[in-house]
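Trainee: need the 3D shape of this:
(2 chains)
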Protein chains: 2
Amino acid sequence: MTYPSRYIESAVNEISRLPGIGKKTALRMVLHLFNEPVENTMKLSQALLDMRTKINHCHLCKNISDGEECDICTNPKRNRELLCIVESARDVMAIEKTSQYPGLYYVLGGIISPVNGISPDDINIPGLIQRINNNEVKEIIMGLSPTMDGDTTIYYLSKKIREIKTHEELHITTMARGIPVGGELEFTDEITLGRSILNRNEVK
Amino acid sequence: MTYPSRYIESAVNEISRLPGIGKKTALRMVLHLFNEPVENTMKLSQALLDMRTKINHCHLCKNISDGEECDICTNPKRNRELLCIVESARDVMAIEKTSQYPGLYYVLGGIISPVNGISPDDINIPGLIQRINNNEVKEIIMGLSPTMDGDTTIYYLSKKIREIKTHEELHITTMARGIPVGGELEFTDEITLGRSILNRNEVK
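Mentor: Numbering: from 1, shown residues only, chains lettered A, B, ... in the order given. From the prediction side, this is the model:
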């Protein structure tokens, strides 16, 4: 594609680096901004810079936060006995959206993935161990995706946690795996289907 | 959605103003930038600002341009007898991509649309008339979309042009309308199909 201006070209190139955005979509976005008042582009540009440079991480749960400690960790209504371990800040948002979880979180910032060269040293494990040594925590919920990497991470973390806490001191659980709500039994893969039979729940 | 930081929220809000981008996609983009080196966000932010503040319009064809006159207008190899009238800079890019058009352009910056309240006064018509008064132009190609608004604009412009130039002095043409290449005759709408019979071409 030949662009009528190198500024258009450079903006298209930068935007199309973002996930899920191709050159055509990027060009559409750029020309949209170009036809709007200059203030809109300034606001967008500033919002991106602020987002990247002004955000902190909560020093307790490592989640994204505006201050030293995040709103969840400082909320006196949250149950401090539950700690849900998740991969990223996005997972926290997804779980928070359900309004079903009253406890606290710990954001690993990644999961162990031998294929992608991510070892246990690359994720926030020391902070997690320190957090668990706090005697308040009674249950660890492994809020990781049910994938090969997720299961590897759950296995590794469970081993680590068991080095410092016994079964009596601390429960370790994973989120339920089964047929998604609204999903068709017929089209569910056999591993999920098999598990959902083994882990069947009593109808109350 | 509750965001863990107001900076994330504000960046998501600004990005989701862009066409075709919802809050979920915007959040994905924001978190992607957040996990990348700060330089990437700075480059993106600067590229957007530059694009919006440094670009000119070519004073001849009103196309987007880095300088006073665009690369197409200043190219001595372009045929100055042909002038293609288009709605926007995007249409110029689309036609240029075909490498089939040797002439010059004129960008209206919109088309007459009574439904959307765009009248002839809202588009660059005076510049066009001035351009046509230049005796070099021998043919005007109406490169406008074959829609109601496009046809209205073509009709209006033709009338205006005929006030200053006769049929002998200046040809006015539209782009061919017919079955798209690769399209199925069976699924072509009846107006297009009817026109493509009336305007049939001899097989050479």
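
Trainee: strands along chain A, start to end?
Mentor: Assigned by DSSP state E, the strands in chain A fall at A:56-57, A:64-65, A:79-86, A:103-107, A:139-142, A:171-174.

Trainee: strand partners (parallel or antiparallel) of the third one?
Mentor: Here strand A:79-86 is paired, per DSSP bridges, with strand A:103-107 (parallel), strand A:139-142 (parallel).

Trainee: how close does residue A:158 get to residue A:84?
Mentor: Shown here: residue A:158 relative to residue A:84, a distance of 15 Å by CB to CB, to the nearest Å. Glycine gets a C-beta too; all of them are placed from N, C-alpha and C.

Trainee: more neighbours: the two, which one.
Mentor: Neighbours per residue, other CB atoms under 10 Å in any protein chain shown: of residue A:158 and residue A:84, the larger number sits with residue A:84, 22 against 13.

Trainee: what's the domain layout of chain A?
Mentor: Chain A resolves into domains spanning A:6-54, A:64-198 when parsed by automatic domain parsing.

Trainee: can you say which of the ones you listed is nearest to residue B:53?
Mentor: Residue B:53 lies closest, by CB to CB, to one member of the domains of chain A: domain A:6-54, at 6.4 Å.

Trainee: ok, the closest one near chain B or not?
Mentor: Yes: under the criterion of CB under 8 Å from any CB of the partner chain, chain B is reached by domain A:6-54 at A:6-8, A:10-11, A:13-15, A:17-21, A:25, A:27-34, A:38, A:40-54.

Trainee: okay if I get the strands of chain A as a markdown table plus mean pLDDT?
Mentor: Supplementary listing: these in a markdown table, determined by pLDDT from 0 to 100:
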| stretch | mean pLDDT |
| --- | --- |
| strand A:56-57 | 88 |
| strand A:64-65 | 90 |
| strand A:79-86 | 94 |
| strand A:103-107 | 94 |
| strand A:139-142 | 92 |
| strand A:171-174 | 91 |
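
Trainee: excluding its backbone neighbours, what's nearest the most centrally placed residue in chain A?
Mentor: When CA atoms, centre = their mean is applied to chain A, the residue found nearest the centroid is residue A:88 (2.4 Å). Using CB to CB, 6 or more residues apart in numbering or on different chains and skipping residues adjacent in sequence, the residue nearest residue A:88 is residue A:107, 6.4 Å away.

Trainee: swap in residue A:51?
Mentor: Closest residue to residue A:51 in three dimensions, ignoring its sequence neighbours and counting by CB to CB, 6+ apart: residue B:11, at 3.9 Å.

Trainee: show me the contacts for that neighbour.
Mentor: A:47, A:48, A:50, A:51, B:26, B:30 (CB atoms under 8 Å, 6 or more residues apart in numbering or on different chains).

Trainee: can you add pLDDT, distance to residue B:178 and neighbour count and give those residues back as TSV?
Mentor: TSV is the format used below for the contacts of residue B:11 (pLDDT from 0 to 100; distance: CB to CB, whole Å; neighbours: other CB atoms under 10 Å in any protein chain shown):
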residue	pLDDT	distance to residue B:178	neighbour count
A:47	94	46	21
A:48	94	45	25
A:50	93	52	18
A:51	92	49	26
B:26	93	40	20
B:30	93	45	27
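
Trainee: max pairwise distance over those: which two?
Mentor: Checking the contacts of residue B:11 against each other with CB to CB, the farthest-apart pair comes out as A:50 and B:26, at 14.9 Å.

Trainee: which residue ranges of chain A form helices?
Mentor: A:6-15, A:23-34, A:38-54, A:89-98, A:125-133, A:148-164, A:190-198 (DSSP state H).

Trainee: thinking again about what came up before, could you flag which of the residues of domain A:6-54 next to chain B are buried?
Mentor: Of the members of the residues of domain A:6-54 next to chain B, the ones counted as buried by neighbours, 16 or more other CB atoms under 10 Å in any protein chain shown, are A:7-8, A:10-11, A:14-15, A:18, A:21, A:25, A:27-34, A:40-42, A:44-45, A:47-52.

Trainee: relative to residue A:43, how far out is the nearest residue to residue A:16 once chain neighbours are set aside?
Mentor: In space, residue A:16 comes closest to residue A:26 once its chain neighbours are excluded; the distance is 4.1 Å by CB to CB, 6+ apart. Here residue A:26 is placed at a distance of 19 Å from residue A:43 (CB to CB).

Trainee: before we move on, the earlier item: deepest in the core, which of the strands paired with strand A:79-86 is it.
Mentor: Greatest average neighbour count among these goes to strand A:103-107 (a mean of 24), per mean count of other CB atoms under 10 Å in any protein chain shown.

Trainee: alpha carbons of stretch A:119-136, in PDB - could you do that?
Mentor: Taking only C-alpha atoms (Å, rounded to 0.1, in the frame of the first residue of the first chain), the coordinates of stretch A:119-136 have been written out as PDB:
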ATOM      1  CA  SER A 119      10.400 -21.100  33.600                       C
ATOM      2  CA  PRO A 120       9.300 -20.800  37.300                       C
ATOM      3  CA  ASP A 121      11.900 -18.000  37.700                       C
ATOM      4  CA  ASP A 122      10.100 -15.800  35.200                       C
ATOM      5  CA  ILE A 123       6.900 -15.500  37.300                       C
ATOM      6  CA  ASN A 124       6.200 -13.900  40.700                       C
ATOM      7  CA  ILE A 125       6.600 -17.000  42.800                       C
ATOM      8  CA  PRO A 126       8.700 -15.600  45.700                       C
ATOM      9  CA  GLY A 127       6.000 -13.000  46.400                       C
ATOM     10  CA  LEU A 128       3.400 -15.700  46.400                       C
ATOM     11  CA  ILE A 129       5.300 -17.800  48.900                       C
ATOM     12  CA  GLN A 130       5.800 -14.800  51.100                       C
ATOM     13  CA  ARG A 131       2.000 -14.100  50.800                       C
ATOM     14  CA  ILE A 132       1.100 -17.600  51.800                       C
ATOM     15  CA  ASN A 133       3.400 -17.500  54.800                       C
ATOM     16  CA  ASN A 134       0.900 -15.000  56.100                       C
ATOM     17  CA  ASN A 135      -1.300 -17.200  58.300                       C
ATOM     18  CA  GLU A 136      -4.500 -15.600  57.300                       C
END
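
Trainee: in it, what counts as buried?
Mentor: Residues of stretch A:119-136 classed as buried under the neighbour-count rule (16+ other CB under 10 Å) are A:123, A:124, A:125, A:127, A:128, A:131, A:132.
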